[in-house]
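K.L.:
return a 3D structure for these sequence lines:
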Amino acid sequence: MNDLRLFWFFPVLLALFIAGVGRGEMPEQKEGTIEELCSEAGMKRLQKESRARLPMKIKIILSRDYPGWFFPKDCTLNAMGEMTNQVHSILGDFDGNGHTDYAVQIRHADKWSLLAFLRKKPDAFKVYILDTGNANTPYDGKEITLYKQGDVDMYDNDDGETELFIYHNDSIATVSGWAVRSYIFERGSFQIRDAYED
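P.N.:
Residues are numbered from 1 along each chain as shown. Alright, predicted model coming up:
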């Protein structure tokens, strides 16, 4: 009887996985040539898709606190020749309370910002400024990404020894070249963990 239940349960899980249901969803990598994706039309499409992912409440907060905000329009290639900076918003459960939270990279005035929006009630978010800087600082190489709960990463501790780190909640990260900076929500605030990819 248990085998029969597993037989029906597996296709349901597979269908949910294929449909992208669950926490920590990331947008699909877009198909097309670099020229198509980096064209003005391609960048507008990517920005529209990133903006559409955000709840109206977050758009209202951004418009109020960051007038004229927009997603970065740059298009850069990483060392593998792949386009980066195409994901400007991610979602996950960063504080572990079971609600969907959001992180966004935006440009506003002459600055850029990485922000987290933690959902405290169905239509209420608390905003955290994770990083910010002048628009002419080395920002263009950073790519926002998501570490899911249970992911494992390696980093060098203060003694120069390599240690493993397990993410207890979904976490936000930026990648610039080989450097990875994770923003981990612990004890009521975001903590920074720097690492290098091998």
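K.L.:
where does pLDDT dip in the protein?
P.N.:
1-52, 73-87, 136-141, 196-198 (pLDDT under 70).
K.L.:
any idea where the strands of it begin and end?
P.N.:
Along the chain, counting by DSSP state E, strands occupy 76-77, 83-84, 89-92, 101-108, 111-121, 124-134, 143-147, 152-156, 162-166, 171-176, 179-186, 189-196.
K.L.:
show me what contacts Arg193?
P.N.:
Contacts for Arg193 (Cβ atoms under 8 Å, 6 or more residues apart in numbering) come out as Asp153, Tyr155, Phe165, Arg181, Ser182, Ile184. Placement of C-beta: from N, CA and C, glycine included.
K.L.:
wait, which of those residues is closest to Ile129?
P.N.:
Using Cβ to Cβ, Arg181 comes nearest to Ile129 of the contacts of Arg193, at 14.4 Å.
K.L.:
who does that closest one bridge with?
P.N.:
Note on Arg181: beta-bridge partners by DSSP bridges are Thr174, Asp194.
K.L.:
show me what contacts it?
P.N.:
Counting by Cβ under 8 Å, 6+ apart, Arg181 touches Asp131, Ala173, Thr174, Ile192, Arg193, Asp194, Ala195.
K.L.:
can you check Asn169 too?
P.N.:
Asn169 sits next to Gly92, Asp93, Phe94, Asp95, Gly96, Gln149, Ile184, Phe185 when contact means Cβ under 8 Å, 6+ apart.
K.L.:
quick check: chain neighbours aside, which residue is closest to it?
P.N.:
The spatially closest residue to Asn169, leaving aside those adjacent along the chain, is Gly96, at 4.2 Å (Cβ to Cβ, 6 or more residues apart in numbering).
K.L.:
I'd guessed that neighbour sits against His168; true?
P.N.:
Yes: with contacts defined as Cβ atoms under 8 Å, Gly96 counts as touching His168 at a distance of 7.1 Å.
K.L.:
anything in contact with each of these two?
P.N.:
Listed contacts common to Gly96 and His168 are Gln149; contacts here mean Cβ under 8 Å, 6+ apart.
K.L.:
how near is the nearest residue to Thr100 once chain neighbours are set aside to Gly68?
P.N.:
Of all residues not flanking Thr100 in the chain, Leu91 sits nearest, at 5.4 Å (Cβ to Cβ, 6+ apart). Plainly put, Leu91 is 24 Å away from Gly68 if you go by Cβ to Cβ, to the nearest Å.
K.L.:
which one's more surrounded, the two?
P.N.:
Between Leu91 and Gly68, Leu91 has the larger neighbour count (other Cβ atoms under 10 Å), namely 22 against 9.
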